[in-house]
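>>> the sequence and its predicted three-dimensional model are supplied below.
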Amino acid sequence: MAHQANLTPSVFDGAVGGSGLSAAAQRRQEITQGECHLSYEGQPMSTIRIPPVLRGNAGGNKQVAAQGTTLREALADLFERYPALQTQILTDDGALNQYVNVFVDEQDIRYQLGLETPITPTSTIILLPAMAGGR
Amino acid sequence: MGDASNAILRQVRQEVPEIRPSEAQRRIQTGDAVRVVDVRERMEWNDGHLPGAVHVPRGFLELQIEESIPDKDSPVILYCAGGVRSLLAGATLRQMGYTNVTSMAGGYNAWAASGLPTEKPVVLTTDQRRRYSRHLLVPEVGEDGQSKLLQSKVLLVGAGGLGAPAAYYLAAAGVGTLGIIDSDIVEESNLQRQILHNTKRVGMPKVESARMTLTELNPDIKVVAINDRLTKENVRDLIWDYDVILDGTDNFPTRYLLNDASILAGKPVVHGSVFRFEGQVTVFKPFDGPCYRCLFPLPPPPELAPNCAEAGVLGVLPGTIGMLQATEVIKLLLGIGDPLVGRLLTYDALTETFDELRLSRNPQCPACGIDAHPEDLPTYEEICAIA
């Protein structure tokens, strides 16, 4: 279709990640990673918010603290404690399921660095599956 | 006019420059920032005014002008019927700190006599002025906005938890035509949250119950009750007539179907969904922001997406989310504020907190991306056999 305004490159098309980063994104990554490096000396933890449909497999918790400098590491930490969550969030190949969105500090990680999106100790990770209810 | 009046006018002419209607038109056409203010009385305004003008009667000028034109450096063209009252209004604005004020010589009469374009507002009846008086007092709505609402058409998909409260407020607000599509009948278990219906109407089609409640609240509006399901066959014809769609459905196939059809028709969809104590709201405005498929390329498996019948919902929750949806609908109809385009609001009733998440358009989206074909996408009827 002709309407191409407001389109954001994403990991869907491989436009972001690895060597495909724009200069601005690379700079952002460097800055963020720099902050992480400094912040992780004391092993602080980020917060993962668990949506209602996944809480049954997360001990009923609404939020869980997790360690890691990237989203992938933070999720691995989560899965270590709550293994049943893994198949609900990741595919067999280790990619993010398409029916789950993950936001790190309000930003959709598909338009950041995917599972390699840097996490800081103050980060809030929100898992957002689609909701059907309306009646 | 007496000597004193003439003296005042002579003095004001020293302060407030005058321009002819042809020059006023040139400035309006070439300068985006020019604000045109009609300072006549309401009866005069109702007979016709300059297109795009705002109406601030001279008697309310000091009280209302700063709400209509907050930037005191904006270029302002004032006019009245013949050019005298606007001169005096110009002097008042200068006293208030407006730096770029001119008065149109000859006023509206000269403008109209020159054959320049005029506009006749839709005039509210006395009853309407009473009913919507609190809207008329809000500058962002006012008489023009209320007229716009009365001429607007909104389609509510679902007359349930989300659709019921949203429809109630949209009817109260005077949205002129409310289409409501739903094929269900009222059940007792609906009454904990679906406030359009009542105990006596158990067994009645929901859309009929909705029509009765809404027209009792506001006989001024038209309710189109569509006792049907939204399907591939009817979706395009149904949404074509409407300005905005409110998605209050409870299943994924309808949400995907509505998404694709709304993209083809270029209609914004105000999305809401609820689960127990939590809800989500966003606006999918075709090509201005992401669509539903950008956000959720695939539906979740059934075990991750129970609907309200399976999972339960706090009765008040769809009211909260439906109100947010109704607010977004009105903002879209009036063209005011910042609609939730590209932003998803999540609400947690237990912690009483909102979060705002940033959404992006997916260039590869099969519905609104670069090579999209929304006309032939799957809607997952077979996958989502959970509704």
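Alright, I've got the coordinates.

>>> how about the strands in the stretch 51-200 of chain B?
Counting by DSSP state E, counting those that start in this stretch, the stretch 51-200 of chain B has strands at residues B:54-55, B:76-79, B:101-104, B:153-157, B:177-181.

>>> so which of those is nearest B:Thr199?
B:Thr199 sits nearest to strand B:177-181 of all the strands of the stretch 51-200 of chain B, at 20.4 Å, using Cβ to Cβ. C-betas here are computed from N, CA, C, even on glycine.

>>> any chance you could list what contacts that closest one?
Under the criterion Cβ atoms under 8 Å, 6 or more residues apart in numbering or on different chains, residues B:152-159, B:163, B:167, B:170-171, B:207, B:210-211, B:214, B:221-226, B:228-230, B:238, B:241-242 lie in contact with strand B:177-181.

>>> just give the number of residues close to B:Leu136.
By other Cβ atoms under 10 Å in any protein chain shown, 18 other residues sit near B:Leu136.

>>> B:Glu188 too?
10.

>>> could you list every residue that touches the nearest residue to it once chain neighbours are set aside?
Setting aside the residues directly before and after it, B:Glu188 is nearest to B:Val202 in space (Cβ to Cβ, 6 or more residues apart in numbering or on different chains), at 5.6 Å. Listed by Cβ under 8 Å, 6+ apart, the contact set of B:Val202 reads B:185-188, B:191.

>>> and the residue of the stretch 151-300 of chain B found nearest chain A, how far is that from B:Ala167?
Nearest residue of the stretch 151-300 of chain B to chain A: B:Gly160, at 3.2 Å (Cβ to the nearest Cβ). Going from B:Gly160 to B:Ala167 by Cβ to Cβ, to the nearest Å gives 10 Å.

>>> kindly report the same for B:Glu303.
From B:Glu303 over to B:Ala167 (counting by Cβ to Cβ), the distance is 32 Å.

>>> returning to what we had before: which of the contacts of strand B:177-181 are buried?
For these, burial is judged from neighbour counts taken by 16 or more other Cβ atoms under 10 Å in any protein chain shown, and it is met by B:152-159, B:163, B:167, B:170-171, B:207, B:210-211, B:214, B:221, B:223-226, B:230, B:238, B:242.

>>> ok, the helix or strand hosting A:Leu127: who's next to it in the sheet?
Per DSSP states H and E: A:Leu127 is located in strand A:124-129. Strand A:124-129 sits in its sheet next to strand A:46-49 (parallel), strand A:100-104 (antiparallel), going by DSSP bridges.

>>> the strands of the stretch 51-200 of chain B into CSV, with extra columns for mean pLDDT?
Below are the strands of the stretch 51-200 of chain B laid out as CSV (pLDDT from 0 to 100):
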stretch, mean pLDDT
strand B:54-55, 92
strand B:76-79, 98
strand B:101-104, 97
strand B:153-157, 98
strand B:177-181, 98
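
>>> out of those, which comes closest to B:Arg130?
The nearest among the strands of the stretch 51-200 of chain B, by Cβ to Cβ, is strand B:54-55 at 19.1 Å.

>>> partner strands of that closest one, with direction?
Here strand B:54-55 is paired, per DSSP bridges, with strand B:35-38 (parallel).

>>> following element in sequence after the strand it pairs with, please.
helix B:42-46.

>>> pull the residues that contact that following helix.
Under Cβ under 8 Å, 6+ apart, the answer for helix B:42-46 is B:38, B:55, B:57, B:81, B:108, B:120-121, B:123.

>>> from the chain's centroid, how far away is that helix?
25 Å (Cα atoms, centre = their mean, to the nearest Å).

>>> one more: stretch B:356-363?
23 Å.

>>> now do the same end-to-end measure for it.
In stretch B:356-363, first residue to last residue: 22 Å (Cα to Cα, to the nearest Å).

>>> what do you get for stretch A:90-109?
Terminal-residue distance, stretch A:90-109 (Cα to Cα): 14 Å.

>>> what does that stretch rub up against?
A:71, A:75, A:88-89, A:110, A:112, A:114-115, A:117, A:119, A:123-130, B:295-301, B:304, B:355-360.

>>> pLDDT on that stretch, on average?
Averaging pLDDT along stretch A:90-109 gives 93.

>>> on that earlier part again, torsion angles phi and psi at the residue of the stretch 151-300 of chain B closest to chain A?
phi -110, psi -140 (degrees, to the nearest 10).

>>> hmm, B:Gly248 and it touching each other?
Yes - between B:Gly160 and B:Gly248 there is a contact under Cβ atoms under 8 Å: 6.1 Å.

>>> phi, psi of B:Ala225?
According to degrees, to the nearest 10, B:Ala225 has phi -90, psi 120.

>>> same check, this time on B:Thr282
According to degrees, to the nearest 10, B:Thr282 has phi -160, psi 170.

>>> over to B:Val175?
Dihedral angles (degrees, to the nearest 10) for B:Val175: phi -70, psi 120.

>>> give me the neighbour count for it.
26.

>>> roughly how far does it sit from B:Leu350?
For B:Val175, the distance to B:Leu350 (Cβ to Cβ) stands at 32 Å.

>>> same deal with B:Arg130?
B:Arg130 is 41 Å from B:Leu350, by Cβ to Cβ.

>>> what score does residue 116 have for pLDDT?
Defaulting to chain A. Value listed for A:Glu116 in the pLDDT field: 96.

>>> not what I meant, chain B
96.

>>> that one against B:Arg26, yeah?
No - in this structure, B:Leu116 is not within contact of B:Arg26 by Cβ under 8 Å, at 10.8 Å.

>>> tell me which of these two has more neighbours.
B:Leu116 (16 against 12).

>>> related to what we said a few turns ago, dump the strands paired with strand A:124-129 to TSV, plus mean neighbour count.
Listed next are the strands paired with strand A:124-129 as TSV, based on neighbours: other Cβ atoms under 10 Å in any protein chain shown:
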stretch	mean neighbour count
strand A:46-49	21
strand A:100-104	22
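
>>> hey, where'd the helices end up in the stretch 1-150 of chain B?
B:3-15, B:21-30, B:42-46, B:61-68, B:85-95, B:107-113, B:126-131, B:133-136, B:142-150 (DSSP state H, counting those that start in this stretch).

>>> dump the ones you listed into JSON lines; add mean pLDDT as well.
Shown next, in JSON lines, are these (pLDDT from 0 to 100):
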{"stretch": "helix B:3-15", "mean pLDDT": "91"}
{"stretch": "helix B:21-30", "mean pLDDT": "93"}
{"stretch": "helix B:42-46", "mean pLDDT": "91"}
{"stretch": "helix B:61-68", "mean pLDDT": "93"}
{"stretch": "helix B:85-95", "mean pLDDT": "97"}
{"stretch": "helix B:107-113", "mean pLDDT": "97"}
{"stretch": "helix B:126-131", "mean pLDDT": "96"}
{"stretch": "helix B:133-136", "mean pLDDT": "96"}
{"stretch": "helix B:142-150", "mean pLDDT": "93"}
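
>>> any idea how far B:Ala164 lies from B:Leu214?
In terms of Cβ to Cβ, B:Ala164 sits 10 Å off from B:Leu214.

>>> can you check B:Gln194 too?
With Cβ to Cβ as the criterion, B:Gln194 and B:Leu214 are 13 Å apart.

>>> what is the burial count for B:Thr99?
Here the number of neighbours of B:Thr99 (other Cβ under 10 Å) works out to 12.

>>> grab the nearest non-local neighbour of it.
Nearest one to B:Thr99, counting by Cβ to Cβ, 6+ apart, is B:Asp73 at 5.2 Å.
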